[in-house]
Every structure is written in structure tokens, then in C-alpha cells.
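S.K.: Predicted model follows, preceded by the sequence.
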Amino acid sequence: MKAIGYQTAGAISAPNALENITLAEPTPQGFDLLVEVKAISVNPVDTKVRTSRSAPTGEYKILGWDAVGVVKAVGDKVSLFKVGDEVWYAGDISRSGSYAEYQLVDERIVGHKPKTLSNAQAAALPLTSITAWELLFDRLGLPKDGSASDARILIIGAAGGVGSIITQLAVKLTGAELIGTASRQESAAWVKNLGADAVINHNKPLSDELAQLDIADVTHVISLTQTDKHFDEIVKVLRPQGKLALIDDPVGPLDVMKLKRKSLSLHWELMFTRSLYQTEDMIAQHHLLNRIAELIDADTLQSTFGEHYGTINAENLLKAHAQIESGKAIGKIVLEGFNQ
């Protein structure tokens, strides 16, 4: 099968940063689905792994944690899917990824693809949807029935992949007031279009920006980028007994003692936790992906598809990685098909 991989971790400019290769088609066992990959999207985690983790000697590492495809074969324990089903998923960071024509993925972290989206449109959503859903409802414990009218949520980095879907989920399901941050005119317009009540500039002090809106504090902060840079301002704008949730990798330790005076709580979200630890509730990702698909097919949520970078090959993936690393991507970068 065709695949794109690398052997040595390094910069995007390094020789053979990503290569077109040929690998043996894998065989499903147990809960595995063998999926013929139709479309993928690129996430910041792809670039982080590429720069930090080399493949074992003589082998290739295959990245990719967003895919849409068709089930071609199943393991002996599979009960949720059958051959021919159209599926979508983010996968498991400890296994080979979706930069390949065929991929093995545990059925418990796979959902049925939305019927109303193309493969490319759907590929933009799994990882970010899982992250957003788990952060809002599992970590922060916000309601899904619109009853959080007394809550005010600030999302830092609302125009990115996770921000784009978490904004929609918060607006459509929680009932909370929603303020997003963005630093450019086009990204601010994107966030506003997704339903945010207001957009502020995260290159300026958050407290000053909120004061311009006559907002004294927020009940929840969802920090998706540069948490270390914004940490003091986050503490300042959070209401006493408020909640901070984050997904990024702060540079250096955060001084959590600053949270004590206001009794603020800290919540981490990593969407790979359930699959990495084979948790008892691992199947929750199957259910939430199916729920996201229902919300999309009901026209409650829209795809966060940003740009189509062409077929799935090394040249196009190198361009996608470079754009992700620039920090200027709006929505998700998607690639489709394996004509190299």
C-alpha cells in the first residue's frame, strides 16, 4: 500500500522530512477495523510528533490522526461496524496513523461518517470534535441542554481547528455567552461567523480587551494556545471559583499556586487518553462521534474545513505541515486520495 512516512525526527526543511513509501497492507485482529483511507486532515500533533519522535531503526513512522474511509475488513471481536461502512475517526497516537492507504483502528474510537458531508469536509472534524466535546462536557462538566445561561466562556485561539468546533458546540448546546480570541481580521470574522457573541484580540491584555466590552470576568477559560503567555491574564479575568481548561503544551511549568486565592480549578484535555490507557469508557468516543455526525446532518454544526491541499502525498503534506507550523491556518487543512 502507498504511505507517507519518515525515519528521523527533524525540521520540515530536513531531507526526507516526509517520504512517499510502500508498506505491506495490515491485517485486522480483535476490535480492529481495516479502513481504506479516503481523506485526512492535518493537525498540530502531526508536526509535534514529526519534530520529536524518530522511527525505530530501519522502520518508518506514519503520522495522521484524522481520517474518513470505508471499512474493508474487521477483526473477530468487531460488533459495531461491517464491511462497506463509511467511517470517521481520529485514531490512537500509539499506533500507525492515517497517512496510508489502509489503517487499523479500534472500532470503539470510530464513528459513522456524517451523511451530508463529503469525505474532505468530514475529514476536518474527528480529532477536533472529540477534543472539543471531551473538554466542554467531560472535563468542564458544562450542560448540553442549553441551561448554562449564567456561564461566560472565553476561548483563547478560537479560529483554529479545535477552536472552530468548540465555539460551535458551546454556542449551540450550552447556552453560555461565548467570547473568542483572534489576532487577525480574517480569523476574527471566522470566529464571529461560527456564532461567538464577541471576539477580542489575544495579542493585547485579555482583561483590557474584556473591559472594552464592559465585561468584568468570565466563568470558564478554554486555552487552546500559548497558555503560558496568557496565564496571568487568565487568572485575572476568571471569576472566583472559575475553571481553566487547556490542551496545549506550555513552555515551562505553570505556577498553579496563582489559582489558589480564587479557588480556580485546572482541567487538562488529551483526546488520546482513552485509547492510550484502554479505559473502561473508551467506547464514549464512538458514541460522541456518532452524536457529532447527527448534529452535522441536522445542520446544527458545520464542517471546519479550511483548505484542500490536493492528493495525499509527501509533497502536499510537507506544504500542509509548513502551514500548520506558521500558526496562520484558519480551519482545517484536508488532503484526499492517494494518486502520487
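M.R.: Noted; the coordinates are in hand.
S.K.: Strands of the stretch 101-250 of the chain, residue ranges please.
M.R.: Ranges of strands in the stretch 101-250 of the chain, per DSSP state E, counting those that start in this stretch, are 102-106, 110-112, 152-156, 177-181, 198-200, 218-223, 238-246.
S.K.: so how far is residue 25 from residue 279?
M.R.: Distance, residue 279 to residue 25, using CB to CB, to the nearest Å: 29 Å. For the C-beta atoms, the positions are set from N, CA and C on the backbone; glycine is no exception.
S.K.: If you could redo that for residue 1, that was the one I meant.
M.R.: 5 Å.
S.K.: Give the intersection of the neighbour lists for the two.
M.R.: 101, 102 (CB atoms under 8 Å, 6 or more residues apart in numbering).
S.K.: residues contacting the nearest residue to residue 245 once chain neighbours are set aside?
M.R.: Counting by CB to CB, 6 or more residues apart in numbering, the nearest residue to residue 245 once its immediate chain neighbours are dropped is residue 267, at 4.1 Å. Neighbour list for residue 267: 135, 139, 140, 243, 244, 245, 246 [criterion: CB under 8 Å, 6+ apart].
S.K.: cool, and residue 336?
M.R.: 38, 39, 40, 119, 120, 123, 308, 310, 311, 312.
S.K.: Please name the bridge partners of it.
M.R.: Counting by DSSP bridges, residue 336 is bridged to residue 39.
S.K.: count of neighbours near the residue lying closest to residue 133 once chain neighbours are set aside?
M.R.: Nearest residue to residue 133, sequence neighbours excluded (CB to CB, 6+ apart): residue 288, at 4.8 Å. If you count neighbours by other CB atoms under 10 Å, residue 288 ends up with 19.
S.K.: pretty sure residue 288 contacts residue 126?
M.R.: No: in this structure, residue 288 is not within contact of residue 126 by CB atoms under 8 Å, at 10.1 Å.
S.K.: any residues in contact with both of the two?
M.R.: By CB under 8 Å, 6+ apart, residue 288 and residue 126 have these common neighbours: residue 111.
S.K.: on that earlier part again, I'd guess the residue nearest to residue 133 is in a strand, am I close?
M.R.: No: under DSSP: H, G, I helix; E, B strand; the rest coil, residue 288 sits outside any strand and is assigned helix.
S.K.: How about the contacts made by it?
M.R.: The contact partners of residue 288, by CB under 8 Å, 6+ apart, come to 111, 129, 130, 133, 134.
S.K.: Save those as TSV, and put in distance to residue 214 and pLDDT too.
M.R.: Formatted as TSV, the contacts of residue 288 follow (distance: CB to CB, whole Å; pLDDT from 0 to 100):
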residue	distance to residue 214	pLDDT
111	41	98
129	33	96
130	35	97
133	31	98
134	32	98
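S.K.: top of those by neighbour count?
M.R.: Neighbour tally across the contacts of residue 288 (other CB under 10 Å): the maximum, 31 neighbours, falls on residue 129.
S.K.: Wait, that residue touches residue 289, no?
M.R.: Yes: if you go by CB under 8 Å, residue 129 and residue 289 touch, sitting 6.9 Å apart.
S.K.: Could you pull out the helices in the stretch 151-300 of the chain for me?
M.R.: In the stretch 151-300 of the chain, the segments counted as helices under DSSP state H, counting those that start in this stretch are 161-169, 185-193, 206-212, 227-237, 273-276, 284-297.
S.K.: mind checking which of these is nearest residue 319?
M.R.: With CB to CB as the measure, helix 161-169 is the member of the helices of the stretch 151-300 of the chain nearest residue 319 (16.9 Å).
S.K.: and the closest one, C-alpha only, in CSV?
M.R.: C-alpha atoms of helix 161-169 as CSV (Å, rounded to 0.1, in the frame of the first residue of the first chain):
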residue,chain,number,x,y,z
GLY,A,161,-9.2,23.6,14.4
VAL,A,162,-10.3,22.8,17.9
GLY,A,163,-11.5,26.4,18.5
SER,A,164,-13.7,26.3,15.4
ILE,A,165,-15.7,23.3,16.6
ILE,A,166,-15.6,24.1,20.3
THR,A,167,-17.1,27.5,19.5
GLN,A,168,-20.0,25.9,17.7
LEU,A,169,-20.6,23.3,20.4
